[in-house]
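**Q** Build me a model:
(one chain, ligands or ions: 1)
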Amino acid sequence: MVVATPTPLLRRGNNKKKPAAFGVPIIDLSDDKSIASEMIVKACEDYGFFKVVNHGVPKKVIARMEREAADFFSRPVSEKGRAGPAAPFGYGSKNIGFNGDKGDLEYVLLEANPLSLTQRAKSFSNDPSTFSSVTNDYLSGVRKLSCDILELVAEGLWIEDNSIFSKLISNSHNDSCFRVNHYPPFIAPNNDEDELNNNHWDLSSNPSKSKVGFGEHTDPQILTILRSNDVSGLQIYTHDGFWIPVPPDPNEFFVFVGDSFQALTNGRFTSVRHRVVSINSWKSRMSMMYFAAPPLDAWISAPPQINNVITSNIYRPFKWGDFKQIVYSLRLADSRLDYFKNH
Ligand code: GA4
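**A** Predicted structure coming up:
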């Protein structure tokens, strides 16, 4: 069954019109495969974003990961600093990437492979073997979920080889990574609950009442699987120009189409712009993202089955590693795929 959670739609800029109702698409993975695959394709086309329920990742695995991450962030700054600076992997605070982007957060960025985790675990925990086994269990769960979703997408697109996308990320040389973001509590000055609840989306109306936790951007990889605690702040940008607050749901996962999936589908799916705005809350927001990426030398190119006879390729084929280099040479909000367009 596919249901929709109504949330207000919020237009960019100063338009103060009351927003229309909107529902984040919800995909139930226990549904019939043909229904789920059709719904996923539609959600990827319409929003590049959806929520999955009955995802198969055990609650215990998620809870343990959350505990390890919360333990790390609760340590003194001097201790956390030893796991940094993020270059790009490690512990980072306020600085994002290498080109001057800043956010009101601290984070950990890790390579999502067991060997690298074992090597780094001692800077994140006093019990490194537990930290790596908990993180590996979590990553196995979300990797499997990503593969399930990618297989359903292939089926929904009527591609015969249903592993055409999933094999890119199940390859043992995959370049996937894992990020945990921790946004400090934010209490707006002159706290006016009503005004905050109604206007938190409109950053231009009163910037002192909200803070950019993580600025707007698209994710460069194929898919992102996000799980957060119950503190809000995530917003996605729709094709028709609205920023939509996404109500948090600690039991479920949110899925984002990344730039590489946009290229793999020749623009049929578009990567979703999103951001995190710190909203009035005494509690900190913590989110964990698995970014599913192929090996550095894998080619990103739409399979012929994606195109019909009249469509031509929007992007020239590129290697993930070459794309990643461009990504890191640009700012967070930049549209990197433009550099790979066919003229
Ligand atoms: C956005 C998605 C992932 O968090 C990330 C980010 C990366 C980083 O923080 O190191 C980038 C950003 C992300 C895109 C543009 C570049 C690279 C920061 C930045 C300014 C890990 C990723 O892969 O790209």
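
**Q** Please name the residues that touch Val276.
**A** By C-beta atoms under 8 Å, 6 or more residues apart in numbering, the contact set of Val276 is Gly103, Leu105, Asn181, Tyr183, Val212, Gly213, Phe214, Gly233, Leu234, Gln235, Arg285, Ser287. Every residue, glycine included, has its C-beta placed from N, CA and C.

**Q** any idea which of the residues you listed is least confident?
**A** Lowest pLDDT among those: Val212, with 91.

**Q** got the residues of the stretch 201-343 of the chain near the ligand?
**A** Proximity of the stretch 201-343 of the chain to the ligand, by C-beta under 6 Å from any ligand atom, involves residues His217, Asp219, Pro220, Phe291, Val327, Tyr328, Arg331, Leu332.

**Q** Distance check, the fifth one against Ser260.
**A** Going from Val327 to Ser260 by C-beta to C-beta, to the nearest Å gives 10 Å.

**Q** Leaving out chain neighbours, which residue sits closest to the residue in the chain positioned nearest to the ligand?
**A** As assessed by C-beta to the nearest ligand atom, the ligand sits closest to Gly97 within the chain, at 2.4 Å. Closest residue in space to Gly97, ignoring its immediate chain neighbours: Leu332 at 6.2 Å, by C-beta to C-beta, 6 or more residues apart in numbering.

**Q** where does the one you found land in three-state SS?
**A** coil (DSSP: H, G, I helix; E, B strand; the rest coil).

**Q** That one reaches Ile96, doesn't it?
**A** Yes: between Leu332 and Ile96 there is a contact at 6.0 Å, judged by C-beta atoms under 8 Å.

**Q** Mind checking which of the contacts of Val276 are buried?
**A** Gly103, Leu105, Asn181, Tyr183, Val212, Gly213, Phe214, Gly233, Leu234, Gln235, Arg285, Ser287 (16 or more other C-beta atoms under 10 Å).

**Q** close enough to count as contact, the second one and Phe186?
**A** To tie it back to what came earlier, the one meant is Leu105. No: taking contacts as C-beta under 8 Å, Leu105 lies outside contact range of Phe186: 10.7 Å.

**Q** partner strands of the lengthiest strand in the chain, parallel or antiparallel?
**A** The single longest strand within the chain, with elements called by DSSP state E, is strand 101-111. Partners of strand 101-111 in the sheet, by DSSP bridges, are strand 90-96 (antiparallel), strand 177-183 (antiparallel).

**Q** and those, which is most packed in?
**A** strand 177-183 (a mean of 23; mean count of other C-beta atoms under 10 Å).

**Q** Run through the bridge partners of the residue most central in space within the chain.
**A** Nearest to the mean C-alpha position of the chain, by C-alpha atoms, centre = their mean, lies Thr224 at 4.1 Å. Counting by DSSP bridges, Thr224 is bridged to Phe256, Phe291.

**Q** looking at the chain, which helix or strand does the model trust least?
**A** helix 193-199 (a mean of 48; mean pLDDT, DSSP states H and E).

**Q** What helix or strand is the nearest residue to Phe49 once chain neighbours are set aside located in?
**A** Spatial nearest neighbour of Phe49, excluding adjacent residues (C-beta to C-beta, 6+ apart): Val272 at 4.4 Å. Using DSSP states H and E, Val272 falls within no helix or strand.

**Q** Read off the pLDDT value for Val272.
**A** pLDDT at Val272 comes out at 98.

**Q** Against Ser125, how distant is it?
**A** On the measure of C-beta to C-beta, Val272 and Ser125 end up 33 Å apart.

**Q** Those two: who's more crowded?
**A** More neighbours surround Val272 than the other of Val272 and Ser125, with 23 against 18 (other C-beta atoms under 10 Å).

**Q** Surely the more buried one is in contact with Thr218?
**A** Yes: using C-beta under 8 Å, Val272 makes contact with Thr218 at a distance of 6.6 Å.

**Q** How about the secondary structure of Ser37?
**A** Ser37 - assigned by three-state DSSP - is helix.

**Q** pLDDT score for it?
**A** 97.

**Q** Contacts only, for the closest residue to Ser125 other than its chain neighbours.
**A** In this structure, Ser125 finds its nearest non-sequential neighbour in Phe131, 3.7 Å apart by C-beta to C-beta, 6+ apart. Contact partners of Phe131, counting by C-beta under 8 Å, 6+ apart, are Glu68, Ala121, Phe124, Ser125.

**Q** element containing Phe131?
**A** Counting by DSSP H and E, Phe131 is found in helix 128-156.

**Q** ok and that helix relative to strand 177-183, angle-wise?
**A** Put simply, helix 128-156 runs at 110 degrees to strand 177-183, going by axes from the mean of the first three to the mean of the last three C-alpha atoms, to 10 degrees.

**Q** Just the buried residues of helix 128-156, please?
**A** For helix 128-156, using 16+ other C-beta under 10 Å, the buried residues are 128, 131-139, 141-143, 145-156.
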